[in-house]
Structures are given as structure tokens and as C-alpha cells.
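Chemist: show me how the following folds:
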Amino acid sequence: MCLKWLKKIVTEIMIKTNTPFEGLYILETNNFTDNRGGFQKLFNAEWFAAEGLDTNFKEFYYSVSHKNVIRGMHFQLPPHEHSKLVYVSKGSIVDVVLNLRTNYSTFAILLCNANPKQE
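Modeler: So this is what the prediction gives:
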């Protein structure tokens with residue numbers, strides 16, 4: 001029983017959803033709960049690799065924002081570009097992305113994704 005439950009955690013770590021933008025995905029973690037509380041696996045290198053996701057993170061930040069706060073993420077030009085991972089632990093996020101890559105079919109297209117998070 002215990003091994004079966006552990007295998008479920010390993011195989012169902014996250015849900016990956018494609019977006020119209022190449023290289024941009026929505027990842028949703030699974031929250032496993034029982035009478036003790038909750039458990040989420042936020043990162044697993046093998047799962048990221050199997051999904052073709054870059055795990056060479058150059059920076060890691062944690063911030064807390066009040067309601068109606070706008071935060072920005074900036075882009076970098078080669079050779080200083082790097083992957084970004086945004087995690088919402090509580091509350092919600094309205095994620096806005098503008099593709100500035102002129103050689104992509106989604107150039108100058110705006111993607112806005114309201115992402116409610118369970119409290």
C-alpha cells in the first residue's frame with residue numbers, strides 16, 4: 001500500500017499545460033492531503049527532464065505581494081537569457097506575457113492567464 005502511494009506521487013508530480021508560446025508552459029503541482037496536512041513536490045529534476053524543461057535556473061526569488069500589486073519580470077538578450085519559473089504558493093496571479101521574439105509566429109501577441117490558487 002505504501003509503495004503504491006509513493007509511486008503515485010512520483011508519477012503524478014505535476015500537470016504540464018502547453019500555451020500558444022513556444023517554451024512557455026503552465027505547471028500545476030498536485031497537492032496530496034491526509035489527516036496530517038498536505039504535501040507537494042515542487043521540483044523533480046527527472047520529471048522536468050522527461051518533459052523537456054530546462055532546469056538550469058540561474059536565480060531564485062521569493063516575494064510576498066499585497067492585493068493589486070503589479071510586479072514585472074524583465075527579459076534578457078543572448079547570451080544572458082535564462083529560464084524562469086514562477087510559483088504561486090497562496091492567493092492568485094494574473095500572468096501577462098508578451099512575446100518579443102520577432103522570428104516566432106506569436107510575436108507581439110499578448111497572453112494573459114488568470115490563475116486562481118487554492119488557499
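Chemist: and the strand or helix carrying I15, what does it pack onto?
Modeler: Using DSSP states H and E, I15 maps to strand 14-18. If contacts are counted by 3 or more Cβ pairs under 8 Å, 6 or more residues apart in numbering; DSSP states H and E, strand 14-18 sits against strand 25-29. Yep, even glycine has a C-beta here, placed from its N, CA and C like the rest.
Chemist: now do the phi/psi pair for F48.
Modeler: phi -60, psi -40 (degrees, to the nearest 10).
Chemist: tally of neighbours for the closest residue to it other than its chain neighbours?
Modeler: With Cβ to Cβ, 6 or more residues apart in numbering as the criterion, F48 has its nearest non-adjacent residue at 4.8 Å, and that residue is T55. Residues lying near T55 (other Cβ atoms under 10 Å) number 13.
Chemist: what is the burial count for T29?
Modeler: When counting by other Cβ under 10 Å, one arrives at 15 neighbours for T29.
Chemist: got it, and Y104?
Modeler: 13.
Chemist: quick one: it and K84, what's the gap?
Modeler: 17 Å (Cβ to Cβ, to the nearest Å).
Chemist: wait, N31 touches L42, no?
Modeler: No. Using Cβ atoms under 8 Å, N31 is not in contact with L42; the gap is 10.8 Å.
Chemist: just to revisit the earlier point, the strand holding I15 vs strand 25-29, what angle?
Modeler: Interaxial angle, strand 14-18 versus strand 25-29 (axes from the mean of the first three to the mean of the last three Cα atoms, to 10 degrees): 160 degrees.
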